[in-house]
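Undergrad: My questions concern the predicted model and sequence given below.
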Amino acid sequence: MNAAALSRTWLPFLAWWPSLTRDTLRSDAVAALTGAVVVLPQAVAFATIAGLPPQYGLYAAMVPAVVAALWGSSRHLVSGPTTAISVLVLATLAPLAEPGSEPYVAMAFTLSLLVGLMQLGLGLAKLGAIVNFISHTVIVAFTAGAACLIAASQIKHFFGLAVPRGAEFHETLLFAAEHLGEANLWVTLVGLVTLLAGFVAQRYVPKLPYMIMAMLAGSVFAAIVNQQLGVSRTGIATVGALQGTYPLPSLPDLSPGTLRALLFPAAVVAVIALTEAVAIARSVATRSGQRLDSDQEFIGQGLANVAGSFFSAYPSSGSFNRSGVNFASGAQTPLAAALSAPFLLVIAVAAAPLVAYLPVAAMAAILFIVAWGLIDWHGIGQILRRHPRERIVLLVTWAGVLIDLEKGLFIGVVVSLLFYLYRTSRPKIDERAPPRAELGNPRRKMVEASVDAPVCPQLAMLRVRGSIYFGAVEHVQERFHEVDEADPRRKWLMVVAQGINFVDLAGAQMLAAEARRRRAVGGGLMVVCAHPSVEAMLVRTEGITSIGIDRLIAHKGDALRKVYPLLDSEVCKVCTLRVFEECQQTLPNGKPRAAAPDDAAGLTESALPIETRP
């Protein structure tokens, strides 16, 4: 690896650091401050979900966020604690230790270390390309589904409803619909004021940070209402005072027993965390137009978790909430994500009393705005209207994400790949022939066979567009067999191969078998205009032995001149079509032939393309 490659891998921030200006710093600082305020109550909730003391949620939002921002590739992804990873941490560690206990906390650090090392290894091995199998439609659906989950999780705070803890998406909606009449009016008004202020600020005062303006409006309104009516009557809950502490150095539990117990769960968490982080990064990059380096993102996430394990952080990943807020707040560079950590530290330590007055309903309203902005309404509309198969992928992924975030994403990827495999397993094959008007043209122009471009009664020219691999062999072979099954005289087959970009071992063996089959009935197979890689595969698999090196030809004209003398002169003698230039003057045996009729009255049913025969 040369110096430039080493620099890109280990010092990627040097690429964007020179682009910092006073304007970008201002935008990044505003985005960082907004994100720090938003993550404060969430981090506490995530730690509780993970079975850890509340402060560990703040720790997971600090050091990992800085490292992932500086060593990742996304300009807007913000790493930290997430709902999905917090649930996985609890599911992994609860059977091994009492949640919240010292052994439990130490194992959380160990899990973070193992997850980071695995992610780092995948990135250094250049396996980031695996995320390329996540299609654009899956990203759109995943983003929309996650946005719905974010919004659903805030319904209880926005309306002041006692939604059961751990309720699924549909259960939350049903509960809200059934108990809407029990909603707290004052809490709902705080949320509505925040929403209205956010939309007004975003539309009419775009230069100001509309999210902070919205939170201030909601906080002031809540303070006035509480002062006039009393908290006991309004029921407006606030974030409350937080004990600000620094992320102290920590040591993971590296005992052999702990490492053995956590090795497999760490692999699961690592893959899910990477999938989540890269999916979020790609969804935001789709909006920002940024080009991502998946390998570098793997490295950034790995280093973030490794560093976090030594600074009291449990496993982290890309955060939908924080990344969405970061992008919507106008972040310009990864410095915004990096600055969010010191801002969070300052807020947690110095401004905790002020944060205590932030209404929970105002936070819910902000996340509603973020969720709305995450949904690509235009893209969804295009997919639903114009792409039937992608429509299925979209709906399956979206529904799956609503049921289970990670499984829904994997289901979407699998369904998308199945459709892709189905398409590639049926490459387009059409029959080609020279149009009558082009006879004599030295370029040997070919078009799709039709009445104006009839096919030869002895030679079929099939153009294959797509790869001939193990999944497509049956379809291609069936199409080849249809040629002589419909008309036994068509013993010769010319495969026009400029549209074949890949042939695997199964495909090469199928072509060789087809050549042997046709040779046995007195014909043969010719491969024309093949790419060098296709020719190399035929040679490497010894398929060329069955086909014949002399029948692997670069130009259609050369192939026609070579095959014409091998055709049956008795069939050509009675044929009135004279499809090729070679047919016009002589028979395949070299004898002169009678003049062709002036029209196509002699066109026989057997000479029509298979698709047009009655």
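TA: Everything's here; your move.
Undergrad: Tell me the pLDDT of A4.
TA: Looking at A4, its pLDDT reads 60.
Undergrad: same deal with the one 10 residues further on?
TA: The predicted structure scores L14 at 82 on the pLDDT scale.
Undergrad: how far away is it from G123?
TA: L14 sits 18 Å away from G123, going by C-beta to C-beta, to the nearest Å. Every residue, glycine included, has its C-beta placed from N, CA and C.
Undergrad: now do I49
TA: Applying C-beta to C-beta to I49 and G123 gives a distance of 27 Å.
Undergrad: Of these two, give the one with the bigger neighbour count.
TA: Between I49 and G123, counting by other C-beta atoms under 10 Å, G123 is the more crowded of the two (25 against 19).
Undergrad: helices or strands up against the helix or strand where the more buried one lies?
TA: Element membership for G123, per DSSP states H and E: helix 102-124. Contacts defined by 3 or more C-beta pairs under 8 Å, 6 or more residues apart in numbering; DSSP states H and E place helix 102-124 against helix 83-93, helix 256-288, helix 294-309.
Undergrad: Please identify the most buried of those.
TA: Highest mean neighbour count among those (mean count of other C-beta atoms under 10 Å): helix 294-309, with a mean of 26.
Undergrad: now the angle from that one to helix 83-93?
TA: Per axes from the mean of the first three to the mean of the last three C-alpha atoms, to 10 degrees, the angle that helix 294-309 makes with helix 83-93 is 60 degrees.
Undergrad: Tell me how far helix 294-309 lies from the chain's centre.
TA: 20 Å (C-alpha atoms, centre = their mean, to the nearest Å).
Undergrad: tell me what that helix is packed against?
TA: Using 3+ C-beta pairs under 8 Å, 6+ apart as the test, helix 294-309 ends up in contact with helix 3-10, helix 63-71, helix 102-124, helix 256-288.
Undergrad: I'd like those as TSV, with distance to L303 appended.
TA: Listed next are those as TSV, based on distance: least, C-beta to C-beta, whole Å:
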stretch	distance to L303
helix 3-10	9
helix 63-71	5
helix 102-124	6
helix 256-288	13
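Undergrad: avg pLDDT for the helix or strand just after the helix holding G123?
TA: Counting by DSSP H and E, the next helix or strand C-terminal to helix 102-124 is helix 136-153. Averaging pLDDT along helix 136-153 gives 84.
Undergrad: same check, this time on stretch 228-246
TA: Per-residue pLDDT over stretch 228-246 has a mean of 78.
Undergrad: Repeat that for stretch 273-285.
TA: 85.
Undergrad: so how far is it from its chain's centroid?
TA: 8 Å.
Undergrad: Alpha carbons only: can I get stretch 337-352 in CSV?
TA: Taking C-alpha atoms only, stretch 337-352 is exported to CSV below (Å, rounded to 0.1, in the frame of the first residue of the first chain):
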residue,chain,number,x,y,z
ALA,A,337,-20.6,15.2,14.1
ALA,A,338,-17.3,15.5,15.8
LEU,A,339,-18.3,18.8,17.5
SER,A,340,-21.5,17.3,18.8
ALA,A,341,-19.6,15.4,21.4
PRO,A,342,-18.0,18.4,23.1
PHE,A,343,-21.2,20.3,22.8
LEU,A,344,-23.0,17.3,24.5
LEU,A,345,-20.4,17.2,27.2
VAL,A,346,-20.8,21.0,27.9
ILE,A,347,-24.5,20.7,28.0
ALA,A,348,-24.5,17.6,30.2
VAL,A,349,-22.0,19.2,32.7
ALA,A,350,-22.7,22.9,32.6
ALA,A,351,-26.2,23.4,31.2
ALA,A,352,-28.1,20.5,32.7
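Undergrad: got the contact list for it?
TA: Under the contact criterion C-beta atoms under 8 Å, 6 or more residues apart in numbering, stretch 337-352 has outside partners 28-29, 31-33, 35-37, 39-40, 43, 58, 61-63, 65-66, 68-70, 76-79, 241-246, 322, 326, 331, 355.
Undergrad: please redo it, this time with the cut-off set to 7 Å
TA: 28-29, 32-33, 35-37, 39-40, 58, 61-63, 65-66, 69-70, 77-78, 241-242, 244, 326, 355 (C-beta atoms under 7 Å, 6 or more residues apart in numbering).
Undergrad: what's the answer for stretch 267-287, then?
TA: Around stretch 267-287, the neighbours that count as contacts under C-beta under 7 Å, 6+ apart are 74, 76-77, 79, 82, 84-85, 88, 92, 111, 115, 118-119, 131, 134, 139, 142-143, 292, 294, 297-298, 301, 315, 317-318, 320, 323, 327, 406, 409.
Undergrad: picking up where we left off before, of the helices and strands packed on helix 102-124, give the one that comes closest to G191.
TA: helix 83-93 (20.7 Å; C-beta to C-beta).
Undergrad: would you put the C-alpha positions of stretch 583-596 in CSV?
TA: Taking C-alpha atoms only, stretch 583-596 is exported to CSV below (Å, rounded to 0.1, in the frame of the first residue of the first chain):
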residue,chain,number,x,y,z
CYS,A,583,-27.1,-16.4,-51.3
GLN,A,584,-27.6,-14.1,-54.3
GLN,A,585,-25.3,-15.6,-57.0
THR,A,586,-24.2,-19.1,-56.0
LEU,A,587,-25.3,-22.1,-54.0
PRO,A,588,-23.2,-23.3,-51.0
ASN,A,589,-21.5,-25.9,-53.3
GLY,A,590,-20.3,-23.1,-55.6
LYS,A,591,-22.8,-23.7,-58.5
PRO,A,592,-24.7,-20.7,-59.9
ARG,A,593,-28.3,-20.3,-58.9
ALA,A,594,-31.4,-19.0,-60.6
ALA,A,595,-32.3,-15.3,-60.1
ALA,A,596,-34.3,-14.4,-57.1
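Undergrad: Flag every buried residue along that stretch.
TA: For stretch 583-596, the neighbour count (16 or more other C-beta atoms under 10 Å) marks 583, 587-588, 593, 596 as buried.
Undergrad: Taking those together, which two end up most distant?
TA: P588 and A596 (15.6 Å).
Undergrad: Quick check: which ranges of the stretch 351-500 of the chain have low pLDDT?
TA: For the stretch 351-500 of the chain, applying pLDDT under 70 flags the ranges 351-355, 405-406, 437-443.
Undergrad: Next, count neighbours for H555.
TA: H555: 12 neighbours (other C-beta under 10 Å).
Undergrad: Then G181?
TA: Applying other C-beta under 10 Å, we find 5 residues neighbouring G181.
Undergrad: Reformat the helices and strands packed on helix 102-124 as a markdown table; add distance to R426.
TA: Listed next are the helices and strands packed on helix 102-124 as a markdown table, based on distance: least, C-beta to C-beta, whole Å:
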| stretch | distance to R426 |
| --- | --- |
| helix 83-93 | 37 |
| helix 256-288 | 29 |
| helix 294-309 | 30 |
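Undergrad: Skipping adjacent residues, who's closest to M446 in space?
TA: Leaving aside its sequence neighbours, M446 sits nearest to R432 (C-beta to C-beta, 6 or more residues apart in numbering; 4.2 Å).
Undergrad: Is the one you found bridged to anything, and to what?
TA: E448 (DSSP bridges).
Undergrad: distance of it from T234?
TA: 78 Å.
Undergrad: T172 too?
TA: Distance from T172 to T234, by C-beta to C-beta: 24 Å.
Undergrad: Counting neighbours, which of the contacts of stretch 337-352 end up buried?
TA: Buried subset of the contacts of stretch 337-352 (neighbour count, 16+ other C-beta under 10 Å): 28-29, 32-33, 35-37, 39-40, 58, 61-63, 65-66, 69-70, 77-78, 242, 244, 326, 355.
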